[in-house]
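1. return atomic coordinates for the entry below.
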Amino acid sequence: MHDETGEVIGLTQLQLHPRRPGWGYQRDTVVVEAHRGRALGLAMKAEMLRWLTPLDLDLVYTGTNADNVHMIAVNHALGFTTVRSLVEVDRTAAGLLQALGGVDAEQRQAEHEHP
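-> Numbering: from 1, shown residues only. Below is the predicted model:
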């Protein structure tokens, strides 16, 4: 929170799951663009990790997009190591159907509008 304005300028979140009581999932960490470049993401994430100490977790996961070099550097500075990289792909359902030789998008839409 910005001291002068009271505006929320960043956040970080942690998830704990009852089925995996020894694991923590450090999820999103984000800083409002106007306040980036001041190590606020690092500070927030480090403080969140300090909160975990009394929980006696065995493992904490975190992640970021492969092209987010700033958060990768933050994670490595905090002692996280890269264990895998993931590539996600997507395509519209209509495009998939068309590529597979199925119903084209216009026909599918017409069938949906007039069953």
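2. neighbouring strands - and their directions - for the longest strand along the chain?
-> Using DSSP state E, we find that the single longest strand of the chain is strand 20-31. Strands adjacent to strand 20-31 in the sheet, as given by DSSP bridges, are strand 10-17 (antiparallel), strand 59-62 (parallel).
3. dump the ones you listed to TSV, plus mean pLDDT.
-> Shown next, in TSV, are the strands paired with strand 20-31 (pLDDT from 0 to 100):
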stretch	mean pLDDT
strand 10-17	91
strand 59-62	92
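4. so which of those comes closest to residue 93?
-> Among the strands paired with strand 20-31, strand 10-17 comes nearest to residue 93, with 29.6 Å by CB to CB. For every residue, glycine as well, the C-beta is placed using N, CA and C.
5. and that closest one, how far from the chain's centre?
-> Its chain's C-alpha centre and that of strand 10-17 lie 10 Å apart, by CA atoms, centre = their mean, to the nearest Å.
6. pLDDT weak spots in this protein?
-> Applying pLDDT under 70 to the chain flags residues 103-112, 114-115.
7. quick one: contacts for the spatially most central residue of the chain?
-> Nearest to the geometric centre of the chain sits residue 28, at 4.8 Å (CA atoms, centre = their mean). By CB atoms under 8 Å, 6 or more residues apart in numbering, the contact set of residue 28 is 11-13.
8. now with 7 Å?
-> By CB atoms under 7 Å, 6 or more residues apart in numbering, the residues touching residue 28 are 12-13.
9. good, we can wrap up now.
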